[in-house]
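1. how does the following fold in three dimensions:
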Amino acid sequence: METYECFKDLAIILIAAKLFGLLAKKLKAPQVVGQIVAGLIIGPSVLGLVDQSDFIVSMAEIGVILLMFSAGLETNLKELVKTGPVALTIASAGVFVPLVAGWLLYSLFFGFAPFGSEEFLRGVFIGTIMTATSVSITVQTLRELGHLKGKVGTVIISSAIIDDVIGIIVLTFVIGFKDADVKPLDVVIKTVLFILFSVVVGFLVYFLFKFLDKKFFHQRRIPIFGLALCFIMAYCAEKFFGIADITGAYVAGIILCNLRDAEYIAGKMDISSYMLFGPVFFASIGLKTQFDGFTLGLLWFSLAFVAVALLGKVIGCGLVAKLWKYNTRDSLKVGVGMMTRGEVALIVAQKGLAVGMVDPAYFTSVILLIICSSVISPVIMKLLYKGEKRPDETDGAKMDADETDEVPAEY
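-> Next up is the predicted model:
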């Protein structure tokens, strides 16, 4: 692709994402829903105006990194520590229930295979795809609704992060039975090492930034250094520990969330995210959707796959939240907030495709799950939060801003 072609693609994505985002807002739905639908319409499946190029993939990856970094910056650390045990048990249920349900679904469609057989592992892998939670969609929805900093919002985010770590461990164990080169124990060790790395680096970096924040309070060099930390943590998570880069970005935000300038940093990140990287990321979900070679049998499996994947998260996570004395409405928020799928589900599917654990035809089912969960979850979340007081203190972090939003003078 010629270099200048990317400018055309970006222009189309931004215009379509904004127009469909505004349309979704008029229809009382979160703007992210419109942005995802915009990507579907301008993508290869409908109009074919924009392709999923390497450039767009990279831009989308930066978008989700910025989104998770901002979520970390806006996290209430005390509330996060307080909800740690709750988040761990919710995340565990959010992995176990979909994993078993996915294997059962595959077995009902294609027959129950002997334990340890290749067909049995295929069924388990279908369940493994269902375990992934994409917190980015829910983060953006909570930010639009003004409930990201609430108790339930914090539980959802921390549960989703833990969910991804557990899911990656499960993925490696499953692939380990297929590929002798992958050692499941290595992943467990690397995960523990990443946690230790984050704690040590976190303490050192926090005090360094606290010094810089005191000396250069409310100056743009602080957000710039913060963004550099975000990219470094994302890189280290993937490169050295095999953990999703979004987890590293979220940890970077957590490290800086108690700074005096945390909201200032988040505000600067939101300018780039709202203007460019965010719309590209959400539209890219729609761009990935293709329906070539979609048979009737695959359609029935895909519909069942989507239904089981969504209900698995709601039932597993929602019931555990209920056991922790959350009321029914808040338990549903947790379950619905955990049912979105996105880039992590795609990564899991692609890993399975690479080692021959899943047929390429089932990739369409994964895309359909991502589209449906990304559209349905924000709508239900908005209904569940309807009429509730917003706990967020400021609206500066929202991408729900209207067209009269002012950009700071220094920009």
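
2. in the protein, which residue is closest to the centre?
-> For the chain, the residue nearest the mean C-alpha position is Ser134 (2.8 Å; C-alpha atoms, centre = their mean).

3. quick one: end-to-end length of stretch 65-81, please.
-> Its start and end residues considered, stretch 65-81 measures 23 Å (C-alpha to C-alpha, to the nearest Å).

4. what comes up buried for it?
-> Neighbour counts over stretch 65-81 (16 or more other C-beta atoms under 10 Å) mark 65-76, 79-80 as buried. Quick note: C-beta positions are derived from backbone N, CA and C, even for glycine.

5. and those, which is closest to Leu296?
-> The closest of the buried residues of stretch 65-81 to Leu296 turns out to be Leu67 (C-beta to C-beta; 37.2 Å).

6. is it true that that closest one touches Pro279?
-> No - Leu67 is beyond contact range of Pro279, at 11.3 Å (criterion: C-beta atoms under 8 Å).

7. Leu229 sits in which helix or strand?
-> Element membership for Leu229 (DSSP states H and E) is helix 221-241.

8. averaged pLDDT, that helix. What do you get?
-> In this model, helix 221-241 carries a mean pLDDT of 92.

9. in it, what counts as buried?
-> 222-223, 225-227, 229-231, 233-234, 236-237, 241.

10. adding distance to Ile36, write those residues out as CSV.
-> Listed next are those as CSV, based on distance: C-beta to C-beta, whole Å:
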residue, distance to Ile36
Ile222, 33
Pro223, 28
Phe225, 33
Gly226, 28
Leu227, 25
Leu229, 29
Cys230, 24
Phe231, 25
Met233, 27
Ala234, 23
Cys236, 30
Ala237, 26
Phe241, 30
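
11. average model confidence for stretch 276-294?
-> Stretch 276-294 shows a mean pLDDT of 79.

12. swap that for stretch 308-325, please
-> Mean predicted confidence for stretch 308-325 is 93.

13. who touches that stretch?
-> Applying C-beta atoms under 8 Å, 6 or more residues apart in numbering, the contact partners of stretch 308-325 are 86, 89-94, 96-98, 101-102, 105, 129-130, 133, 155, 159, 328, 330-332, 334-336, 338-339, 341, 369, 372-373, 376.

14. buried subset of the residues you listed, written for PyMOL?
-> Applied in PyMOL, the following selects the buried portion of these according to 16+ other C-beta under 10 Å:
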select buried, resi 86+89+90+91+92+93+94+96+97+98+101+102+105+129+130+133+155+159+330+331+332+334+335+336+338+339+341+369+372+373+376
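
15. from the contacts of stretch 308-325, which ones fall inside helices?
-> Taking DSSP state H as the definition of helices, the contacts of stretch 308-325 contribute 86, 89-94, 96-98, 101-102, 105, 129-130, 155, 159, 328, 330-332, 334-336, 369, 372-373, 376.

16. give me the neighbour count for the nearest residue to Val57 once chain neighbours are set aside.
-> Excluding the flanking residues, the one nearest Val57 by C-beta to C-beta, 6 or more residues apart in numbering is Ser284, at 7.0 Å. Other residues lying near Ser284 total 25 when counted by other C-beta atoms under 10 Å.

17. residues in contact with Ser284?
-> Counting by C-beta under 8 Å, 6+ apart, Ser284 has contacts 39, 52, 56-57, 59-60, 63.

18. downstream of the helix or strand harbouring it, the next helix or strand is which one?
-> Taking DSSP H and E as the definition, Ser284 sits inside helix 278-287. Under the assignment DSSP H and E, the closest C-terminal helix or strand after helix 278-287 is helix 296-323.

19. can you list the buried residues in that following helix?
-> Per 16+ other C-beta under 10 Å, helix 296-323 contains these buried residues: 298, 301-302, 305-306, 308-318, 320-322.

20. swap in stretch 192-200?
-> 194, 197-198.

21. I figured Met59 hits Pro279, correct?
-> No - taking C-beta under 8 Å as the definition, Met59 is not a contact partner of Pro279, at 9.7 Å.

22. returning to what we had before: among the contacts of Ser284, who's most crowded?
-> Gly39 (31 neighbours).

23. and the strand or helix carrying that one, what does it pack against?
-> Using DSSP H and E, Gly39 maps to helix 31-42. With contacts defined as 3 or more C-beta pairs under 8 Å, 6 or more residues apart in numbering; DSSP states H and E, helix 31-42 has these neighbours: helix 5-26, helix 135-145, helix 278-287, helix 363-384.

24. phi and psi next, for Gly43.
-> Note on Gly43: backbone dihedrals following degrees, to the nearest 10 are phi -80, psi -180.

25. measure how buried Ala345 is and give me the count.
-> 24.

26. same question, Gln219
-> 14.

27. likewise for Gly48?
-> Around Gly48 there are 9 residues (other C-beta under 10 Å).

28. how close does Phe209 get to Glu263?
-> Applying C-beta to C-beta, to the nearest Å, the value for Phe209 to Glu263 is 14 Å.

29. between the two, which is the more surrounded one?
-> Of the pair Phe209 and Glu263, Phe209 is the one with more neighbours under other C-beta under 10 Å, namely 21 against 16.

30. mind listing what the more buried one touches?
-> Phe209 is in contact with 222, 225-226, 229, 255-256, 259, counting by C-beta under 8 Å, 6+ apart.

31. those residues: which two are farthest apart?
-> The most widely separated members of the contacts of Phe209, counting by C-beta to C-beta, are Ile222 and Ile255 (13.2 Å).

32. got a list of what Val37 touches?
-> Neighbouring residues of Val37 by C-beta under 8 Å, 6+ apart: 20, 24, 286, 375.

33. of those residues, just say which sits nearest to Val165.
-> Out of the contacts of Val37, the member with the shortest distance to Val165 (by C-beta to C-beta) is Val375, at 26.3 Å.
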